[in-house]
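Colleague: Turn this into a structure:
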Amino acid sequence: MDAAEKISVEDEAVDKKIFKDCSKIAFYRRQKQRLSKKSTYRALLDSVTEGKESTRFQIINEAAKVPLLAEVYGIEGNIFRLKINEETPLKPRYEVPDVLTSKPSTVRLISCSGDTGSLVLANGKGDLKCHITANPFKIDLVSEEEVVMSINSLGQLYFEQLQIPPKQSRATKENEEDTSDDTTQENQEELGLWEEKFRNFVDVKDNGPASIGLDFSLHGFEHVYGIPQHAESHQLKNTSDGDAYRLYNLDVYGYKIHDKMGIYGSVPYLLAHKLGRTLGIFWLNASETLVEINTEPAVKHALTQMGPVAAKEKGRSQTDVHWMSESGIIDVFLLTGPTPSDVFKQYSYLTGTQAMPPLFSLGYHQCRWNYKDEHDVKAVDAGFDEHDIPYDVMWLDIEHTEGKRYFTWNEKRFPNPKRMQELLRSKKRKLVVISDPHIKIDPDYLVYAKAKEQGFFVRNHEGGDFEGVCWPGLSSYLDFTSPKVREWYSSLFAFSVYQGSTDILYIWNDMNEPSVFRGPELTMQKNAIHHGNWEHRELHNIYGFYQQMATAEGLIQRSKGKERPFVLTRSFFAGSQKYGAVWTGDNTAEWSYLKISIPMLLTLSVTGISFCGADVGGFIGNPEAELLVRWYQAGAYQPFFRGHATKNTKRREPWLFGEEHTRLIQEAIRERYTLLPYWYSLFYSAHVASQPVMRPLWVEFPDELETFSVEDEYMLGSALLVHPVTEPKATVVDVFLPGSSEVWYDSKTFARWEGACTVKIPVALDTIPVFQRGGSVVPIKTTIGRSTGCMTDSPYGLRVALSTKGSAVGEFYLDDGHSFQYLHQKQFLHRKFSFASGVLINSCADKRGHYPSKCVVERILVLGLKKQPSSVTSHSPDGKAQPVAFTYCAKTSTLNLEKFSLNIGADWKVQIQ
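Modeller: I've put the predicted structure just below:
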C-alpha cells in the first residue's frame with residue numbers, strides 16, 4: 001500500500017466535516033422522532049419481587065407490550081442504582097465490566113407502603129427514599145422529604161429491543177416498537193435501523209437498532225458540571241435541538257473550542273450543585289452517548305405591561321438531563337451527596353481513586369514530536385542544567401522507534417538507548433516513550449507476528465483481523481478488551497523482553513481512541529468484533545481505558561509489584577484515574593486554548609481524574625514568547641505539567657526566547673518545584689480521600705452562589721487560589737476572592753485582602769496571581785535541585801497564613817516517592833501543622849505510618865501576624881527550648897523565622913510571644 005507509506009500529520013489534521021453532528025447520528029434521530037409521539041411506559045407493581053440485593057419489577061410500553069425488567073439497588077454510602085434491561089433479550093446485551101472497582105456492597109431497601117399505584121423504597125435510616133409511580137412510570141428520589149431528582153418525569157425512557165434481522169424473520173409490528181410506524185426502505189435508511197450510512201461508510205447492524213435513553217429532572221438545580229471531554233466551559237450549557245454533548249472518543253487534531261463534539265475521552269458522569277446539596281449521575285455505558293441539558297431558572301418575578309405584578313411565589317429552578325446511548329443497558333448510579341466531598345467519595349467508591357503518582361511525575365516534563373536522536377536528547381538535557389531550570393522527564397515520540405514499530409528503537413538515531421537512560425539516571429531523571437495500540441502489519445516484526453499467531457487483534461465484521469491505517473501504515477489493533485491480550489501486552493514491558501528499556505523508562509499511550517486514519521470519523525468501524533464476540537459499538541469509549549490498564553499493570557509487573565507506574569493516556573473513561581494521567585490532547589498555540597484549558601481541567605478534576613494537564617505552549621503552531629511564558633505560569637499550577645509541540649513547529653525549549661523570557665519560564669518552573677511537598681500531599685489526599693487536587697471554587701465554597709460559574713480561577717487544594725493570566729498584553733486582572741469570613745494573602749507581595757470581593761491585581765509578565773487562604777499552612781522546599789530526585793534530602797519551609805482568628809492548619813505527606821511500601825508496609829509520614837494562640841505545633845496525623853526522614857524544617861514564614869513578637873522559641877521532642885532568630889516586617893505583617901533545624905517527622909512546637 002504505497003499511500004500508507006506517506007502517512008503524515010495531514011492524515012490526522014483533517015476536515016471537520018468528517019465528524020458527525022447530531023443530525024447524522026441515527027439513534028438520536030430515532031429517539032427524537034419517537035419521543036415526539038409520546039408513548040408511555042408503566043410499571044407493573046404487582047410484579048415486584050424483593051431479592052437479597054435488589055427490588056425488581058417489570059415496566060411495559062403500551063405500544064410494544066414487551067416487558068422490560070427494572071432493578072433498584074441501595075448501595076453503601078447513600079447511592080442508588082437503577083438497571084433496566086430486556087427481560088428476555090435475543091442475546092445478552094453488553095454490560096460494562098472492569099470499571100467498578102469491585103461489586104458494590106448493597107444495602108437492603110425497605111419497602112414502605114405507598115399509595116395504590118406506587119411503591120416506596122427507603123434506605124435503612126429512612127432519610128433517602130425512592131418513590132416509584134406506576135402509571136406513567138416515574139421514580140422520585142426523596143431526601144428528607146424533599147424531591148431532589150425525578151426519573152422519567154418527561155417520559156423519555158426509550159429502549160430498542162434486539163431483533164432478528166428481517167432476512168431471517170419477517171419482523172412483526174409487535175416486536176418492532178420503534179419502527180412500526182413506517183418500514184419503507186426510505187424510512188429505514190433515514191432511521192438507520194439495520195444499516196447506517198455516513199460519507200462513504202456503511203455501518204451494518206446485525207441485531208438492528210438497540211439504543212436506550214432516559215431523562216432525569218434535578219429540582220432546584222441550575223448548575224451542572226462534568227461529562228468530559230469537551231473543549232467547553234466548566235458549567236454545562238443548555239443544548240438546543242441537534243446540539244447535544246457527545247461522548248464518543250475521537251482523534252480530533254486541533255479541536256474547535258466551545259464545541260460539544262466528543263474528543264479523546266469520555267466520562268459519562270454529571271454533577272449538579274445548588275445551595276445545600278450536590279448530586280451525581282453516573283451513566284455506566286461505553287457506547288456512543290449523547291447528553292441533552294435544559295435548565296429553567298427560577299422565576300423571580302413577572303413583569304407585565306401593567307407594570308410590576310406582585311412577585312410570584314418563587315418558582316423552583318430545574319435542570320433536565322436526557323441521556324441517550326447507542327446500545328447496552330440502562331445502568332445508572334445516583335449519588336446523593338449531600339456535599340461535594342460526599343459525592344467525590346461516592347463516585348470513587350464505585351470507580352476507584354486517583355492512583356498515587358511517583359513523585360518525579362509531578363515535576364516538569366519536556367516533550368516534542370520528536371527529539372531527533374541521542375545527541376539531541378543529550379543537548380536538551382544539558383540545556384536545562386546550563387540555564388538552571390529543573391526538569392524530571394525527557395519524552396520520545398513515535399520517531400524513536402524502528403518505522404513506528406512500538407517496543408523497538410531506531411538504530412541510527414538511538415543506537416544505545418541504555419547509555420542515554422544512564423545519562424538521565426545520573427541526574428535522577430526519567431524517560432517516557434510512546435506506545436500506541438496499532439501494530440504495524442509486518443510478519444518480521446515480533447510483536448505483530450506473536451499477536452497475529454495468538455489471535456490477539458480486533459477482528460473485522462467478516463472474521464479476519466481488522467486492518468486500518470495509522471502512523472506505521474497498514475496496521476492491526478490489539479484487542480485490549482480481552483484479559484489474555486492485556487496479560488500478554490503487560491508482559492512486553494518486562495526488561496528481558498523490551499530490549500533497551502530500563503527501570504527509569506515509563507510509558508505514554510496515544511492514538512488509543514482508537515485512531516484509524518481513513519476510518520469513519522477517523523476511528524474503528526462499529527461492527528468490528530472484540531473478545532466475547534462483542535461489537536466495537538458496545539465498548540468504543542472504553543478501548544483506551546483498557547490499554548492504559550494493561551500498560552500500568554506491565555510497569556508494575558516488571559518491578560515484581562514494587563514500583564508505582566507512570567502512564568499518560570490520551571483516551572480515557574470513568575475509572576481511568578486508577579491507572580495514571582490524562583491530558584487534553586492536540587491543542588493549539590493560541591490564547592483561547594490556554595484559557596479553555598482551565599475549565600477543561602476543572603471538569604476532569606471533578607469527575608475523578610485529578611492527574612490532568614494541557615500541553616504547555618499549545619501542541620500545534622508556534623507560540624509567541626508572551627503566550628509561552630503565560631502558559632508556563634499556568635501549567636506550573638496545574639497537576640500534569642508538560643511542554644509539547646508537534647512536528648514542523650519551531651523548537652521551543654525554555655531558553656530559546658531571549659534572556660528575559662528564559663528567566664520568567666525558569667521562575668515559573670522553579671515555583672512548581674518549591675511547592676512539590678504541597679502537590680504531593682494533595683495527591684495523597686486525592687488517593688486516599690477522593691478530594692480533587694485542582695478544584696473549582698464551588699467545591700471549596702459550596703454555599704456561595706457567586707462561585708458556581710467561575711472558571712478563570714481555581715483552588716489548588718484548599719489553601720491556594722490561582723488565577724492564570726490568559727489575555728495578551730494584560731497589565732491588570734480582576735481576581736474574585738471568595739468567602740465573606742475569609743482573608744487572603746498575595747503570595748508574592750503578602751498583601752492581605754478580605755474575602756467576598758473582586759480585586760484588581762497588576763500583572764507584569766513576571767506575575768501570576770496566586771493567593772494563600774488565611775487559616776492554611778503550605779509546606780515547601782527551600783532549595784531547588786535539578787530534578788525531584790535531587791531534592792530528596794533538601795530542607796523544608798512552612799508558609800503559615802493566619803485566619804481572621806489568628807489560626808492556621810495544614811497537612812504534609814511524605815514517603816519514598818516511588819514504591820508501594822507506603823501501602824504494603826505503611827512506610828509513610830503524615831503530619832499535621834496547626835497554629836493557634838501564637839504556637840505552631842507539628843504533630844502526627846496518622847499513627848499507622850512510619851518513615852524515617854533526615855529532612856528538617858529550616859524556615860517558617862507567618863503571614864498576617866499583627867504585632868512584632870518579643871521572642872520566638874522552638875521546643876523539640878526532648879523538651880529543649882531554643883531561641884529562634886526572626887525578622888518582622890510591620891508593613892506586610894509578616895514574620896520570618898530562619899536558621900533553625902527541626903526534623904519534619906518529629907513532634908515539636910514553635911512559640912511566638
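Colleague: what about stretch 93-100, how long is it end to end?
Modeller: 18 Å (C-alpha to C-alpha, to the nearest Å).
Colleague: and if you look at stretch 151-160?
Modeller: End-to-end distance (C-alpha to C-alpha), stretch 151-160: 19 Å.
Colleague: Check which residues of that stretch are buried.
Modeller: 151, 152, 153, 154, 156, 157, 158, 159, 160 (16 or more other C-beta atoms under 10 Å). Using the backbone N, CA and C atoms, a C-beta is placed for each residue, glycine as well.
Colleague: Kindly report the same for stretch 92-110.
Modeller: Of the residues in stretch 92-110, 93, 94, 96, 99, 100, 104, 106, 107, 108, 109 count as buried by neighbour count, 16+ other C-beta under 10 Å.
Colleague: How about the second one: what's its closest non-neighbour residue?
Modeller: Beyond its immediate neighbours in the sequence, the residue positioned closest to residue 94 (C-beta to C-beta, 6 or more residues apart in numbering) is residue 538, lying 3.8 Å away.
Colleague: next one: the fifth one
Modeller: For residue 100, ignoring the flanking residues on the chain, the nearest one in space by C-beta to C-beta, 6+ apart is residue 350 at 5.6 Å.
Colleague: Kindly confirm my reading that that neighbour is in a strand.
Modeller: No: the assignment for residue 350, made by DSSP: H, G, I helix; E, B strand; the rest coil, is helix rather than a strand.
Colleague: so who does it touch?
Modeller: Applying C-beta atoms under 8 Å, 6 or more residues apart in numbering, we find residue 350 in contact with 79, 100, 101, 104, 282, 333.
Colleague: how about a cut-off of 7 Å?
Modeller: In this structure, residue 350 makes contact with 100, 104, 282, 333, judged by C-beta atoms under 7 Å, 6 or more residues apart in numbering.
Colleague: Strands - which of the residues you listed land there?
Modeller: 282, 333 (DSSP state E).
Colleague: Now do the longest strand along the chain: distance to the chain's middle.
Modeller: The longest strand of the chain (DSSP E) is strand 41-50. Mean-position distance between strand 41-50 and its chain equals 38 Å (C-alpha atoms, centre = their mean, to the nearest Å).
Colleague: strand partners of it, parallel vs antiparallel please.
Modeller: strand 54-61 (antiparallel) (DSSP bridges).
Colleague: between the following helix or strand past the strand it pairs with and strand 54-61, how big is the angle?
Modeller: Reading on from strand 54-61 to the C-terminus, the next helix or strand found by DSSP states H and E is strand 68-75. Between the axes of strand 68-75 and strand 54-61, defined by axes from the mean of the first three to the mean of the last three C-alpha atoms, to 10 degrees, the angle is 150 degrees.
Colleague: before we move on, the earlier item: which outside residues touch the longest strand of the chain?
Modeller: Outside strand 41-50, the residues touching it (C-beta under 7 Å, 6+ apart) are 55-61, 111, 119, 132, 134-137, 157.
Colleague: List buried members of these by neighbour count.
Modeller: 55-61, 119, 132, 134, 136-137, 157.
Colleague: Surely residue 513 and residue 571 touch.
Modeller: Yes: here residue 513 reaches residue 571: they are 4.6 Å apart, a contact under C-beta atoms under 7 Å.
Colleague: Now list whatever residues contact both of these two.
Modeller: Counting by C-beta under 7 Å, 6+ apart, the residues touching both residue 513 and residue 571 are 249, 264, 544.
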